[in-house]
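In: Got a sequence here, can you model it:
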Amino acid sequence: MKPLAALFGLLALVGNGCAAVQPPELPEGDAVSRFTHDDWNAFLDRHVDDQGRIEYAAARNDRDDLVRYISALAQQSPDAAPERFATESDRLAYWINAYNASTVSLVLDRYPVRSVQEIQTPFTRLLQPILPNGAGFFFFHRIQLGGASTSLYYLENSVIRGRFDEPRVHFALNCASNSCPRLPRAAFRGDSLESDLARETRRFLAEERNVSVDPAQGVVTLSSIFDWYAADFTSWMKRHAPDEPATLLGWIRHHAEGEQRQALHDCGQCRVAFVPYDWGLNDQAQ
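Out: From the prediction side, this is the model:
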């Protein structure tokens, strides 16, 4: 998830963008129907608990619905079949679900592992001593979306962050790690995306592991996600709330509720610290 500047030169060598391939033919009439996330929804309901943790051991041998969903993602996308995604919310919901489902699928293909940072390709295994942790998983494993070959890194940073002015996606994308936002037990949907993102934002901000306010010590401790993507939050404030501070704490206070909002207001001059990221797998068995 964290942008890794040291890899930019290598990315050019492996073509980390979307390389087009010919998608399979769909049955006549299917192209005009709305893309469905039902299979992903069914998998989540069966294998994810209320804490957003996955029972990978059971899911490894019980994922026919996920396999069907991954196949559907490979054939259709907002780029390949725009007529199936009528609204911007439909398009963003697709990309978020595609990221989360592809992440889970890649982990299941290589399970058991203790972290996504252990997942390598032959190329990254050879160069592991000089590559940042996670390079194999996020940069070099390929996923198929709408007839195009891409990576999780490109999907997150060039498609989701690049096309949509919506920093709340950082609380919807799940990288199969303990410090990630919790994976919801239901797919994101275009017709409810605003309420879905608002719900996940409230849940993320309310967890002390992500936002902890200590006025006595004069510090607010935040998830590393706020550090890595600080510009997404502060630039949003400049565009959408110009009368409020364009800072991380300003963005959080803008979206916080009740006692937390008041605590952040009272701690307006507090310094900010960040919690180290826990890359352990979000596995119910661990």
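In: how about the strands in this structure?
Out: 19-20, 143-145, 148-150, 211-214, 219-223, 271-275 (DSSP state E).
In: wait, which of those strands is closest to residue 94?
Out: Ranking the strands of the chain by their distance to residue 94 (criterion: C-beta to C-beta) puts strand 143-145 first, at 8.8 Å. To be clear about C-beta, it is placed using only N, CA and C from the backbone, and glycine gets the same treatment.
In: Point out where the chain drops to low pLDDT.
Out: 1-32, 130 (pLDDT under 70).
In: how does it look with 50?
Out: The model of the chain has pLDDT under 50 over residues 3-10, 12-15, 19-31.
In: Residue 123 against residue 142, yeah?
Out: No - with contact defined as C-beta atoms under 8 Å, residue 123 does not reach residue 142; the gap is 11.2 Å.
In: Contacts only, for the residue lying closest to residue 170 once chain neighbours are set aside.
Out: Leaving aside its sequence neighbours, residue 170 sits nearest to residue 225 (C-beta to C-beta, 6 or more residues apart in numbering; 5.3 Å). Residues near residue 225 by C-beta atoms under 8 Å, 6 or more residues apart in numbering: 1, 170, 179, 181, 210.
In: could I get those residues as JSON lines with neighbour count and distance to residue 132?
Out: Formatted as JSON lines, the contacts of residue 225 follow (neighbours: other C-beta atoms under 10 Å; distance: C-beta to C-beta, whole Å):
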{"residue": "1", "neighbour count": "25", "distance to residue 132": "12"}
{"residue": "170", "neighbour count": "23", "distance to residue 132": "20"}
{"residue": "179", "neighbour count": "18", "distance to residue 132": "17"}
{"residue": "181", "neighbour count": "22", "distance to residue 132": "22"}
{"residue": "210", "neighbour count": "20", "distance to residue 132": "23"}
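In: So which of these is the closest to residue 153?
Out: residue 1 (8.6 Å).
In: looking at it, residue 137 is touching residue 113, isn't it?
Out: No - Residue 137 is not in contact with residue 113 according to C-beta under 8 Å; the separation is 9.5 Å.
In: More neighbours: these two, which one.
Out: residue 137 (27 against 15; other C-beta atoms under 10 Å).
In: Give me the common contacts of residue 137 and residue 113.
Out: When contacts are counted by C-beta under 8 Å, 6+ apart, residue 137 and residue 113 have residue 119 as shared neighbours.
In: returning to what we had before: pick out the most distant pair among the contacts of residue 225.
Out: The largest separation in these, counting by C-beta to C-beta, is between 1 and 210 at 14.1 Å.
In: quick one, helices of this protein?
Out: For the chain, applying DSSP state H gives helices covering 8-14, 38-47, 56-59, 64-75, 88-110, 122-127, 135, 152-154, 161-163, 193-206, 224-228, 230-240, 248-255, 258-266.
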